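Trainee: For reference, the sequence and a predicted model appear below.
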Amino acid sequence: MALATITTKGQVTIPKTVRDSLKLDTGDMIEFVVTKDGEALVRPISKKVDDVFGKLHKSGRKAVTVEAMDKAIARKMKRNAE
């Protein structure tokens with residue numbers, strides 16, 4: 001059994017054995033579900049490619065080449081360095 005303590009700010013560190021078992025990494029989201037019996041379940045939130053596919057698509061937007069993207073990134077990096 002893995003135990004954790006709640007801080008004064010309500011924060012809990014998830015024990016490493018639990019993080020490893022749920023395959024959780026820094027920045028991952030988890031969901032807490034409270035059952036009618038007063039138990040709390042912790043579920044990892046995972047996104048599938050199908051869940052996010054097409055989110056960046058905007059109809060009517062012209063396609064951009066990889067070369068154009070590289071040039072835009074280089075320009076931005078150059079401006080940030082100045």
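Mentor: Ah, there it is. Quick caveat: nothing in here was measured; it's all calculated off a predicted structure. Residues are numbered from 1 along each chain as shown.
Trainee: What segments of this structure are helices?
Mentor: Assigned helices in the chain, in chain order: 16-22, 49-52, 66-81 (criterion: DSSP state H).
Trainee: can you tell me which of those comes nearest to Glu39?
Mentor: Nearest to Glu39, of all the helices of the chain, is helix 16-22, at 15.5 Å by Cβ to Cβ. In short, each C-beta sits where N, CA and C put it, glycine included.
Trainee: Other residues contacting that closest one?
Mentor: Taking contacts as Cβ atoms under 8 Å, 6 or more residues apart in numbering, the residues outside helix 16-22 that touch it are 2, 24-25, 30, 42, 44.
Trainee: center of the chain, which residue is that?
Mentor: Asp28 (4.5 Å; Cα atoms, centre = their mean).
Trainee: so that residue sits right up against Pro44, yeah?
Mentor: Yes: using Cβ atoms under 8 Å, Asp28 is in contact with Pro44, at 6.4 Å.
Trainee: Show me what counts as buried in the helix or strand bottoming out on mean pLDDT in the chain.
Mentor: Here the helix or strand of the chain ranked lowest by mean pLDDT, DSSP states H and E is helix 49-52, holding a mean of 70. Of the residues in helix 49-52, none has enough neighbours to count as buried (16 or more other Cβ atoms under 10 Å).
Trainee: Restricting to C-alpha, output that helix in CSV.
Mentor: The C-alpha coordinates for helix 49-52 follow below in CSV (Å, rounded to 0.1, in the frame of the first residue of the first chain):
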residue,chain,number,x,y,z
VAL,A,49,-4.4,11.0,-31.6
ASP,A,50,-8.0,10.7,-32.6
ASP,A,51,-9.0,13.0,-29.8
VAL,A,52,-6.8,15.9,-31.0
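Trainee: mind listing what Thr65 touches?
Mentor: No contacts exist for Thr65 under Cβ under 8 Å, 6+ apart.
Trainee: Quickly note the distance from it to Lys71.
Mentor: 9 Å (Cβ to Cβ, to the nearest Å).
Trainee: Kindly report the same for Pro44.
Mentor: Distance of Pro44 to Lys71, computed by Cβ to Cβ: 39 Å.
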